[in-house]
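Student: Below are the sequence and a predicted model; questions follow.
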Amino acid sequence: MKKIIIATIALLTVFSGYAQDPLWRKSTMTTGNITFNVETSLTVNVKGVDRYIFSVSNTTNTRDSSGTLYYKNGEEVMDMGVYESSGGNPASGSFEQAIAATFTDAQIANLAKSDKNPMIISYVVSPEGKTLEVSFSMSNTPEMLSITPAQFAALDSNLKKYVTWTVNDVGKQLQYVHTMQFVWFGKLNIVRTTPPATGSGSSSSSSSDGPGGTQGGHPTLNNKHDSSKQVSLP
């Protein structure tokens, strides 16, 4: 799980005394007919101030976005080489389309202030390239905590609606693959043709959502992608 460990360290790299928010204390949050699990995944006390990394995931998710993979015949994948090499790449511009449908320009600009502590999105993707499930991990920065439950719901829906993938040959042998994406709002090239849907309403100080640049998942993908370029991971 080398890449997941690296991702966790990345979230903790730069902190600057963020105020605590009750969101991380919740076990669930509900908006409309959607309920999310909220879990604190890491707690660090720095000079008397608690720093939290928390995850948000739809309660309808049934697959572990960083766990065991299975071949199409139901056999568990035991070869770590398959974990390392399976994966895919998102369709160009599809992620930006999901973000544009979720957040206003002002909200994106605000979230960009947290780019030193990027949100991480974990995906479960079908062999055909459809986004099946998503979950979000983030630090307790004011910007991340400004995202509302309704925006989480909209982002969950829009990522599944817009983000499609080209899955590689190894991934096509599996029931699904895992991918992971770092979100740097300030690097996104948003070309807006329509305003965000109503689910992207104004931010509040009690909840969060997220967007951004892509990285290979689980130990899965062996590439990193943001909105402008693609490079190899170590």
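Tutor: Yep, that arrived. Numbers count the residues shown, from 1 in each chain.

Student: Could you pull out the buried residues of stretch 124-143?
Tutor: Within stretch 124-143, the residues that count as buried by 16 or more other C-beta atoms under 10 Å are 124-127, 129, 131-141, 143. Every C-beta, even on glycine, is put in place using the N, C-alpha and C of the backbone.

Student: So Leu174 versus Thr102, what's the distance?
Tutor: Counting by C-beta to C-beta, to the nearest Å, the gap from Leu174 to Thr102 is 29 Å.

Student: Name all residues that make contact with Ala106.
Tutor: Taking C-beta atoms under 8 Å, 6 or more residues apart in numbering, we find Ala106 in contact with no residue.

Student: That one is in what secondary structure piece?
Tutor: When secondary structure is defined using DSSP states H and E, the element that contains Ala106 is helix 105-111.

Student: Burial check on the closest residue in space to Val177 that isn't next to it in sequence, number of neighbours?
Tutor: In space, not counting the residues next to it along the chain, Val177 is nearest to Gly171; the distance is 4.1 Å by C-beta to C-beta, 6 or more residues apart in numbering. The number of residues packed around Gly171, counting by other C-beta atoms under 10 Å, is 25.

Student: Roughly how far does Gly171 sit from Ser135?
Tutor: Counting by C-beta to C-beta, the separation of Gly171 from Ser135 is 19 Å.

Student: One more: Tyr70?
Tutor: 19 Å.

Student: quick revisit: neighbour count winner among Leu174 and Thr102?
Tutor: In this view Leu174 and Thr102 are compared by other C-beta under 10 Å, and Thr102 has more residues nearby, 28 against 21.

Student: Please look at the more buried one and Gln151 and confirm they touch.
Tutor: Yes - with contacts defined as C-beta atoms under 8 Å, Thr102 counts as touching Gln151 at a distance of 6.2 Å.

Student: Make sure Ser135 is actually in contact with Ile121.
Tutor: Yes - the pair Ser135 and Ile121 qualifies as a contact (C-beta under 8 Å) at a distance of 7.4 Å.

Student: Which strands and helices lie in contact with the longest helix belonging to the chain?
Tutor: Across the chain, the helix with the greatest residue count (assigned by DSSP state H) is helix 149-162. Contacting helix 149-162 under the criterion 3 or more C-beta pairs under 8 Å, 6 or more residues apart in numbering; DSSP states H and E are the following elements: strand 28-31, strand 34-46, helix 94-102, strand 131-139.
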